[in-house]
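Undergrad: Compute the structure for the input listed below.
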Amino acid sequence: MKQRRSHTFLLFLILGVAAFILLLTDVATGDTDIPISKIWAVLIGSDCDEMTRNILFSIRLMRVTVAVLIGAALSVSGLQMQTVFQNPLADPYLLGVSSGAGLGVALFILGVPLLGWSDSPLLHTIGLVGAGWIGTAVILLGVTIVSRKVKNILGVLIVGVMIGYVAGAIIQILQYLSSAEQLKMFTLWSMGSLSHITTAQLTVMLPMTIAGILISVICIKPLNLLLLGENYARTMGMNIRRSRTLVFLSTALLTGTVTAFCGPVGFIGLAVPHITRLLFQNADHRILIPGSLLMGIVCMLVCDIIAKKFLLPVNCITALLGVPVILWVMAKNLRLIK
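TA: As a prediction, the model looks like this:
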């Protein structure tokens with residue numbers, strides 16, 4: 001037991017240090033590389049040229065903050081989905097949750113000009129994230145109803161995938177009917193961008209993500225009980241409906257907010273919880289939630305650094321990270337590997 005605690009503490013320490021180093025590296029990486037010494041000087045308030053200070057505070061730190069929020073939000077929501085649905089391949093994207101958020105955002109982006117609201121930045125920001133939340137909540141409600149009617153969890157996943165296809169079809173119809181300007185805006189959003197977040201949007205994204213993570217912390221005990229099955233959880237006095245509602249609320253806040261502002265950044269929510277379990281060799285959510293949060297931040301920062309270096313959308317890099325993990329999980333569940 002003591003050895004396991006030492007191992008867990010060491011892993012948290014390594015992940016924390018790695019996240020800090022990668023954060024500085026990400027801030028230093030860009031069109032013009034900035035030395036770490038200059039970054040440190042700006043952070044501690046030492047003398048530094050005004051151009052470097054503006055680049056760091058106006059562009060680099062904003063993007064890095066968004067990357068950290070995405071990594072934390074998607075990894076925690078993915079872990080919760082895998083536990084609730086008792087399926088290693090469950091995540092907000094496979095269950096159609098992000099497709100619902102994407103559909104809500106598509107309806108808002110392509111419908112706002114028709115209503116004449118495009119000139120109001122504040123209303124645009126609130127409407128964008130609101131559309132993402134509503135779309136996420138509607139899909140989660142549908143998945144919840146199906147999960148109560150369908151006993152086989154595979155059926156729930158199939159329904160989620162079908163919902164994703166339907167949402168995708170509606171989005172394609174909206175794209176076909178939209179103007180060239182709105183189509184370009186939506187296409188850039190769908191690529192998963194971290195660099196178009198404004199200060200006003202970040203002031204909404206940050207507290208909503210923190211709220212979603214805090215709700216997930218409240219759900220730690222119910223999630224641990226759900227690992228042993230719903231029947232056991234009921235015998236222990238757990239309110240299944242209330243616990244599910246809290247988990248889905250957390251997922252709606254985390255996934256809906258991230259998807260609304262940054263687009264569908266895939267595979268982080270699916271891959272990171274498995275990497276965390278492999279590292280910590282533990283099923284306790286008291287370990288897995290902070291572990292997944294840190295691992296998600298580390299993975300997202302790595303993906304952002306690579307995306308900057310090769311001038312690629314971050315979604316491409318996260319897919320390259322996530323696909324091998326998915327194949328490994330499938331092979332393990334089919335007992336192709338030990």
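Undergrad: low-confidence ranges in the stretch 51-200 of the chain?
TA: Counting by pLDDT under 70, the stretch 51-200 of the chain shows low-confidence ranges at 94-95, 111-125, 147-148, 150-154, 156-157, 192.
Undergrad: Going along the chain, name the helices of it.
TA: Along the stretch 51-200 of the chain, the stretches classed as helices by DSSP state H, counting those that start in this stretch are 61-84, 97-115, 121-149, 153-177, 180-190, 199-218.
Undergrad: Packed most tightly, which of the ones you listed would that be?
TA: Stretch with highest mean neighbour count among the helices of the stretch 51-200 of the chain: helix 61-84 (a mean of 26; mean count of other CB atoms under 10 Å). C-betas here are computed from N, CA, C, even on glycine.
Undergrad: Point to the residue nearest the middle of the protein.
TA: Among the residues of the chain, the one closest to the centroid is Leu74, at 2.1 Å (CA atoms, centre = their mean).
Undergrad: any idea how far Leu226 lies from Ile305?
TA: From Leu226 across to Ile305, the span is 36 Å (CB to CB, to the nearest Å).
Undergrad: Of these two, which one has the most company?
TA: Regarding Leu226 and Ile305, a neighbour count based on other CB atoms under 10 Å identifies Leu226 as having more, with 23 against 20.
Undergrad: how far away is that one from Arg277?
TA: On the measure of CB to CB, Leu226 and Arg277 end up 15 Å apart.
Undergrad: hmm, who's touching stretch 196-210?
TA: By CB atoms under 8 Å, 6 or more residues apart in numbering, the list of residues contacting stretch 196-210 from outside reads 62-63, 65-66, 69, 72-73, 121-122, 125-126, 128-129, 188, 253-254, 257-258, 261-262.
Undergrad: scratch that, stretch 63-74
TA: 23, 26-27, 92, 194-195, 197, 202, 205-206, 209, 212-213, 254-255, 257-258, 261-262, 265, 268-269, 272, 293, 296-301, 303-304, 314.
Undergrad: who touches Leu225 in this structure?
TA: Taking CB under 8 Å, 6+ apart, we find Leu225 in contact with Tyr232, Ala233, Met236, Met238.
Undergrad: One more: Leu11?
TA: Contacts of Leu11 by CB under 8 Å, 6+ apart are Leu279, Phe280, Gly291.
Undergrad: Can you add secondary structure and give these back as TSV?
TA: Below are these laid out as TSV (DSSP: H, G, I helix; E, B strand; the rest coil):
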residue	secondary structure
Leu279	helix
Phe280	helix
Gly291	helix
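Undergrad: List just the nearest of those residues to Pro324.
TA: Comparing these against Pro324 with CB to CB picks out Leu279 as the nearest, at 15.7 Å.
Undergrad: And the pLDDT at the closest one?
TA: Per-residue confidence for Leu279 comes out at a pLDDT of 91.
Undergrad: separation between it and Ile287?
TA: Going from Leu279 to Ile287 by CB to CB gives 10 Å.
Undergrad: Next, show the common contact partners of the two.
TA: Common neighbours of Leu279 and Ile287 (CB under 8 Å, 6+ apart) do not exist.
Undergrad: So between the two, which is more surrounded?
TA: Ranked by neighbour count (other CB under 10 Å), Leu279 and Ile287 place Ile287 first, with 19 against 15.
Undergrad: residues near Leu249, how many?
TA: If you count neighbours by other CB under 10 Å, Leu249 ends up with 17.
Undergrad: So among the contacts of Leu225, which ones count as buried?
TA: Ala233, Met238 (16 or more other CB atoms under 10 Å).
Undergrad: Select from the contacts of Leu225 every entry located in helices.
TA: Judged by DSSP state H, the contacts of Leu225 include Tyr232, Ala233 as members of helices.
Undergrad: can you put the contacts of Leu225 in a markdown table and add pLDDT and distance to Ala106?
TA: A markdown table is the format used below for these (pLDDT from 0 to 100; distance: CB to CB, whole Å):
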| residue | pLDDT | distance to Ala106 |
| --- | --- | --- |
| Tyr232 | 82 | 41 |
| Ala233 | 82 | 37 |
| Met236 | 82 | 42 |
| Met238 | 84 | 37 |
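Undergrad: re earlier: the residue nearest to the centre of the chain and Asn231, how far apart?
TA: In terms of CB to CB, Leu74 sits 30 Å off from Asn231.
Undergrad: Repeat that for Asn239.
TA: Taking CB to CB as the measure, Asn239 falls 14 Å from Asn231.
Undergrad: So for the two, which sits in the more crowded spot?
TA: Shown here are Asn239 and Asn231; by other CB under 10 Å, Asn239 has more neighbours (12 against 9).
Undergrad: Chain neighbours aside, what residue packs nearest to Ile218?
TA: Nearest non-adjacent residue to Ile218, counting by CB to CB, 6 or more residues apart in numbering: Leu246, 6.4 Å away.
Undergrad: Helix or strand: which one has the one you found?
TA: In the assignment (DSSP states H and E), Leu246 maps to helix 240-262.
Undergrad: Is Asp31 in a helix, a strand, or coil?
TA: Under three-state DSSP, Asp31 comes out as coil.
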